[in-house]
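In: just coords:
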């Protein structure tokens, strides 16, 4: 099997870290997004949404969406569990993974796309919307910092895919000039970030 | 346990249908969003994001996010399984559930909020962004219709949470004047919709 991705993009990184945590080896195929290699008719047939990453299984089946790819590997190799261990923990992981996606990863991505026009050949940038998204992402850092004041990880003391999502979102946020290491307002978030930074998986 | 929700909103409906499919009885507490009943200090303490629905367990634990609530019930009562039965099917359900959320439910919601100003007391409407979202949602109907031409449900012949997401998104889309029953362009989507409409769960 292999994963089509782009090394610079934040979502493929989520999958790479997830697989590194599970010590699963993978073949990665690079697509140049700026050159539109994900938009060719051949690629659209495999992956109609054109989003990366996507997974190709040995029988030719394709699975798109970052979290769907991660879930597939959670199912075929449960150890170490990254989506939770009990019903309540699984629900809490789902909750925090989604909060981080909806209130941090997505607004950062939209701020980047709508204010820079990076993909203006394939979407309609609305700069004023991009600015709102950037403000919303900054605002959400406060909530995250408050939450991490009393939690080592997003879900108590259990490391999960929610933390992987947040780590990639925080690093990605540098493209819109959000840098938690330059700002003393977020000590708990920074403590969490430095802790994450020590995991070997995050350098893959 | 009980769920805080608003009967008119699309996300609580996803949970109600999910629980009806599992024949789980639930106590629902109604919050008047227009009156800001979800924004009180008491509610923010329970549910900092202020989004509905959210679940309160008997021990006082709160779980927010529609899909996190559904996953909790999938775990404590697996039958009938609505998140998939095999690793591949679970990944495909996750993929389609997310595609429907990101390319239909969210753009419809953003089009509604940004073009009508419905929540303008608590967010910054950007009407031109709302219009882009409405166009994107309409565009995605084509992809859904194509996919359903050869699939009874979103994931082959397996009814799942992905179908619940789409059904609620399609009904919600009426608020932005998307009506698949008034448009002959989407016969496969309409066949799927009429099939869904016959399930007793969707009238809860």
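Out: It's in. All of these numbers come straight from a predicted model, not from anything done at the bench.
In: near chain B, which residues of chain A?
Out: Within chain A, the residues that sit near chain B (Cβ under 8 Å from any Cβ of the partner chain) are A:48-49, A:57, A:61, A:63-65, A:67-69, A:71-72, A:75-76, A:86-88, A:90-92, A:94-95, A:98-99, A:103, A:124, A:126, A:128-129, A:132, A:143. Every residue, glycine included, has its C-beta placed from N, CA and C.
In: what about burial for these, which qualify?
Out: Taking 16 or more other Cβ atoms under 10 Å in any protein chain shown as the criterion, what is buried in the residues of chain A next to chain B is A:49, A:63-65, A:67-69, A:71-72, A:75, A:88, A:90-92, A:94-95, A:98-99, A:103, A:126, A:129, A:132.
In: narrow the residues you listed to those in strands?
Out: Among these, the members found in strands (DSSP state E) are A:63, A:64.
In: show me what contacts residue A:108?
Out: By Cβ atoms under 8 Å, 6 or more residues apart in numbering or on different chains, the residues touching residue A:108 are A:133, A:134, A:137, A:169, A:172, A:173, A:175, A:176, A:178.
In: quick revisit: now, which of the buried ones among the residues of chain A next to chain B lie within helices?
Out: A:67-69, A:71-72, A:75, A:88, A:90-92, A:94-95, A:98-99, A:129, A:132 (DSSP state H).
In: and after the helix or strand of chain A with the lowest mean pLDDT, which helix or strand comes next?
Out: Least confident helix or strand of chain A, by mean pLDDT, DSSP states H and E, is helix A:41-46 with a mean of 90. Using DSSP states H and E, the helix or strand that follows helix A:41-46 in sequence is strand A:54-56.
In: next one: that following strand to chain centre, how far?
Out: How far strand A:54-56 lies from its chain's middle: 16 Å, per Cα atoms, centre = their mean, to the nearest Å.
In: and if you look at stretch A:4-23?
Out: Relative to the centre of its chain, stretch A:4-23 is centred 8 Å away, using Cα atoms, centre = their mean.
In: got the buried residues for it?
Out: A:4-6, A:9-22.
In: out of the residues you listed, which are inside strands?
Out: A:4, A:5.
In: from the buried residues of stretch A:4-23, which ones fall inside helices?
Out: Mapping the buried residues of stretch A:4-23 onto helices (DSSP H) picks out A:10, A:11, A:12, A:13, A:14, A:15, A:16, A:17, A:18, A:19, A:20, A:21.
In: I figured the last one hits residue A:79, correct?
Out: No - between residue A:21 and residue A:79 there is no contact, the gap being 10.2 Å when judged by Cβ atoms under 8 Å.
In: mind giving me the domain ranges of chain A?
Out: A:2-76, A:87-203 (automatic domain parsing).
In: now do the longest one: distance from first to last residue.
Out: If I follow you right, that is domain A:87-203. 31 Å (Cα to Cα, to the nearest Å).
In: next: the first one.
Out: The straight-line separation of the ends of domain A:2-76 (Cα to Cα) is 15 Å.
In: quick one: contacts of stretch A:26-45?
Out: Counting by Cβ under 8 Å, 6+ apart, residues outside stretch A:26-45 touching it are A:1-7, A:9, A:12, A:16, A:19, A:47, A:50-52, A:121-122.
In: switch the cut-off to 7 Å
Out: With contacts defined as Cβ atoms under 7 Å, 6 or more residues apart in numbering or on different chains, stretch A:26-45 is touched by A:2, A:3, A:4, A:5, A:6, A:7, A:9, A:19, A:50, A:52.
In: show me what counts as buried in it.
Out: Those would be A:28, A:31, A:33, A:37, A:38, A:43, for stretch A:26-45 by 16+ other Cβ under 10 Å.
In: out of the residues you listed, which are inside helices?
Out: residue A:43.
In: which pair of the buried residues of stretch A:26-45 spans the longest distance?
Out: A:28 and A:43 (15.2 Å; Cβ to Cβ).
In: so who does residue A:52 touch?
Out: Shown in contact with residue A:52 (Cβ under 7 Å, 6+ apart): A:4, A:5, A:6, A:9, A:11, A:12, A:31, A:38.
In: was I right about the fifth one contacting residue A:53?
Out: Yes - Residue A:11 is in contact with residue A:53 according to Cβ atoms under 7 Å; the separation is 6.2 Å.
In: got any residues that touch both of those two?
Out: Shared contacts of residue A:11 and residue A:53, counting by Cβ under 7 Å, 6+ apart, come down to residue A:66.
In: low-confidence ranges in chain A?
Out: Across chain A, nothing is flagged by pLDDT under 70.
In: quick revisit: a markdown table for the contacts of residue A:108, including distance to residue A:159 and neighbour count?
Out: Converted to a markdown table, the contacts of residue A:108 look like this (distance: Cβ to Cβ, whole Å; neighbours: other Cβ atoms under 10 Å in any protein chain shown):
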| residue | distance to residue A:159 | neighbour count |
| --- | --- | --- |
| A:133 | 28 | 23 |
| A:134 | 29 | 21 |
| A:137 | 23 | 23 |
| A:169 | 16 | 24 |
| A:172 | 20 | 21 |
| A:173 | 21 | 24 |
| A:175 | 26 | 17 |
| A:176 | 27 | 21 |
| A:178 | 23 | 19 |
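In: what's the closest of those to chain B?
Out: residue A:133 (9.5 Å; Cβ to the nearest Cβ).
In: quick one: the closest one and residue A:110 touch, right?
Out: Yes - assessed by Cβ under 7 Å, residue A:133 is found in contact with residue A:110 at 4.3 Å.
In: that older thread, which one of the contacts of stretch A:26-45 is nearest chain B?
Out: Using Cβ to the nearest Cβ, residue A:50 comes nearest to chain B of the contacts of stretch A:26-45, at 10.9 Å.
In: and the closest one, how close does it get to residue A:6?
Out: 12 Å (Cβ to Cβ, to the nearest Å).
In: repeat that for residue A:46.
Out: To residue A:6, residue A:46 is 15 Å away according to Cβ to Cβ.
In: and if you look at residue A:184?
Out: 34 Å.
In: equivalent analysis for residue A:192, please.
Out: 27 Å.
In: what strand or helix carries residue A:151?
Out: With DSSP H and E as the test, residue A:151 turns up in no helix or strand.
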